[in-house]
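1. Got a sequence here, can you model it:
(one chain, ligands or ions: 1)
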Amino acid sequence: MDKKSQIIDREPQTIEEEREKWCEHIPKIYQETYRRAMAGKSKAAGIKAKCQDCCCWQRTEIENCAVPTCPLYPYRPYQHHDQKRLRHPTESNLTQKEAHHGAV
Ligand code: SF4
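-> As a prediction, this is how the structure comes out:
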């Protein structure tokens, strides 16, 4: 049996056990976010948990993420309000002066 077939044929309980085992290696303060994400209760928790995993649970690494091509980049947590506003300018979130002169 190839690896792909093994994944498809897995018992759901085995997947749950694997997730719990994975969760045990996550720093304790981030485990709840992972559990909420994996329970399918929050897309925001899913994005947050993925970014935390991607950056080895280093908040500043997520904040300063250097991969603007990542599909999660606009949604990643820990962005400063001003950074978010200037990276994704819309007429409604720019001041009249910024909109007139070009904020970015
Ligand atoms: S947005 Fe940045 S931190 Fe989040 S998953 Fe993508 S590359 Fe990783």
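2. Look at residue 44 and say how many residues are nearby.
-> 13 (other CB atoms under 10 Å). The way it works is simple: take the backbone N, C-alpha and C, and place the C-beta from them, glycine included.
3. helix or strand for it, which one?
-> Here residue 44, judged by DSSP states H and E, is contained in helix 43-54.
4. mind listing what's buried in that helix?
-> Neighbour-count burial for helix 43-54 flags 45-52, 54 (criterion: 16 or more other CB atoms under 10 Å).
5. Report whether that helix contacts the ligand.
-> Yes - using CB under 6 Å from any ligand atom, helix 43-54 reaches the ligand at 50-51, 54.
6. Give me the contacts around the helix or strand just after that helix.
-> Sequence order places helix 59-63 as the next helix or strand after helix 43-54, per DSSP H and E. Residues from elsewhere that reach helix 59-63 (CB atoms under 8 Å, 6 or more residues apart in numbering): 51-52, 54-55, 76-80.
7. if we can go back for a sec, what's the helix holding residue 44 packed up against?
-> For helix 43-54, the packing partners by 3 or more CB pairs under 8 Å, 6 or more residues apart in numbering; DSSP states H and E come out as helix 28-38, helix 59-63.
8. closest one to residue 21 among these?
-> helix 28-38 (12.0 Å; CB to CB).
9. can you list the residues of this protein near the ligand?
-> Counting by CB under 6 Å from any ligand atom, the chain sits next to the ligand at 50-51, 54-55, 62, 65, 67, 70, 72-73, 76.
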